[in-house]
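A.B. asks: Give me a model of this one.
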Amino acid sequence: MDMGDVAGRVLPVSRFPPVRVAGRARGWYRGDCHLHTVSSHGGELTPTELVAGARAAGLDFLAITEHNTAETHGAWSRHVGDDLLVILGQEVVTRTGHWLALGLRPGQVVDWRYGVRDNAVDRHLDEVHRAGGLCVAAHPYAPYASGTLMYPYQGFDVVEVWNGQWSSDVPWQANNEAALSEWGRTLAAEICQGQWRPAVGNSDTHLEGQIGSPHTVVLADELSVDAVLAGIRAGHSWIAASGAIELSFTASAGDDESAGIGERLKTGGETAVVRVAVHGVPSGTVSLHTERGKVFAESLPSTGSGTVKWHMDADESAFIRTEVRDVDGHMAALSNPITLV
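C.D. replies: I've put the predicted structure just below:
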C-alpha cells in the first residue's frame, strides 16, 4: 500500500518535490494552482490520482492547496518526474473569505483563525511574502458561507477571477462573472497608479474530472517555482478552459515596438495594432476590452481557429485585454492586459 495515499492521513516522506524541472527553458507553461486531495474537506482524490489527472490535462505544473494544512507537502516527490512541477501551498480558509498562499516552505502552515474584523490578514500576507510566496484572492464571490472574500484586495498579488465548477456540467458561473467584472473595472485606475493585480484561473479541484478546467498559462523563464510565480506576479499569463485552447495576444506600434500579455507597449504616439489568434473554440467570439468597456467583438469560424485585428491609440485607453467565449457564451479564454503609453 502507498501510505502517501491513505485517505485523511498522508505520511511524510524523506524529501519534498524539487523546486525546478531541469531542461525546461523559457516558454509558456500550463498549470493549475488550486487543487485539493482527500486531506481537504470535500476532496476525493489521492495524490496519485491528482498527478495522473494533471498529466492527462496537459499541465506542466500544479500547486497543492489543502485547506489549512501542509499535510500533503511530503507526498509529491514520489509522483513527479521530469515533466511536472509541484508548488507547495495552502488554501487559507478564514471566517470571512479564502485565499491561496503559493510557494510556501515545506511544512509551512499559514494561520487561518481570524476574520475581517480582526485586522489580521495583512500580517499573514506579509508572512507569505517573506517566504518568497504569492498571495491569491480566491473565488471572491463564491456563494457560500465564508466563501465570499470580505478583505480588500490590497496586499494580495493576484485575483482568481475564474474558479472551477462545483458540478461537472457548469463550467462558467455567475460568481466568476462578478469577479471578472470587478477586476476589469479596477484595471484602469490601478494601471494609472503604476501597479495592477493580474488575474488567474484555477479549477479548485475536489473531484475527478475537474483538474485543469480552468488553468493558467504562464510565460516563465524556466519551469521552476520561482519563475512560475514571477510570471504570475507580473501578469504574463492567460487563462484557458482546457488544454485544447491556444491564445496569442500581442500589440505593436511602428517598426520596432511590440508587447505581449502583461507587457507595456510604448506607442510613441503611433497607432497600435492589436492581434488575437485563437485555436480550439469553434464558432466562438473574440472580444477586446479597454477602460471604455468592450470595444470590439468578432466571431470565429466553425473550425475554431482564427485571427482578429484592432487598431487603437494610447490616448483611448491605458490598457487592452481580450476574452474568448464559446458558442454558448461560456468563457473559453481570457488574458491579462497589455498596457499602452
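A.B. asks: what comes up buried for the worst-scoring helix or strand of the chain on mean pLDDT?
C.D. replies: Every helix and strand of the chain was ranked by mean pLDDT, DSSP states H and E. The lowest is helix 174-192, at a mean of 93. Buried residues in helix 174-192, defined by neighbour count with 16 or more other C-beta atoms under 10 Å: 175-176, 178-180, 183-184, 187-188, 191. All C-beta atoms are positioned from the backbone trio N, CA, C, and that covers glycine.
A.B. asks: how about Gly155, what does it touch?
C.D. replies: By C-beta atoms under 8 Å, 6 or more residues apart in numbering, the residues touching Gly155 are 121-122, 125-126, 135.
A.B. asks: Format those as a markdown table; extra columns: secondary structure and distance to Ala25.
C.D. replies: Output for the contacts of Gly155, formatted as a markdown table (DSSP: H, G, I helix; E, B strand; the rest coil; distance: C-beta to C-beta, whole Å):
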| residue | secondary structure | distance to Ala25 |
| --- | --- | --- |
| Val121 | helix | 37 |
| Asp122 | helix | 37 |
| Leu125 | helix | 32 |
| Asp126 | helix | 33 |
| Cys135 | strand | 28 |
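A.B. asks: Buried among those residues? Need that as a selection in PyMOL.
C.D. replies: Buried subset of those, written as a PyMOL selection, criterion 16+ other C-beta under 10 Å:
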select buried, resi 121+125+135
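A.B. asks: which of the contacts of Gly155 lies closest to Arg321?
C.D. replies: For these, the residue nearest Arg321 by C-beta to C-beta is Cys135; the value is 22.0 Å.
A.B. asks: Straight-line length of stretch 270-283, end to end?
C.D. replies: End-to-end distance of stretch 270-283: 33 Å, with C-alpha to C-alpha, to the nearest Å as the criterion.
A.B. asks: go on, stretch 289-305?
C.D. replies: Using C-alpha to C-alpha, first and last residues of stretch 289-305 are 20 Å apart.
A.B. asks: ok, residues contacting it?
C.D. replies: 184, 187-188, 278-288, 306, 308, 310, 312, 316-324.
A.B. asks: Weed out the non-buried ones from these.
C.D. replies: So, by 16+ other C-beta under 10 Å, the buried ones in the contacts of stretch 289-305 are 184, 187-188, 278, 280-281, 284-288, 306, 308, 310, 312, 317-324.
A.B. asks: For Val158, which residues are in contact?
C.D. replies: Per C-beta under 8 Å, 6+ apart, neighbours of Val158: 134-137, 197-200, 232-233, 235.
A.B. asks: what do you get for Val273?
C.D. replies: If you count contacts by C-beta under 8 Å, 6+ apart, then Val273 has 251-253, 309-311 around it.
A.B. asks: Ok, Lys266 next?
C.D. replies: By C-beta under 8 Å, 6+ apart, the residues touching Lys266 are 253, 257, 341.
A.B. asks: So how do I select the buried members of the residues you listed in ChimeraX?
C.D. replies: Buried members of the contacts of Lys266, defined by 16+ other C-beta under 10 Å, are picked up in ChimeraX with:
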select :253
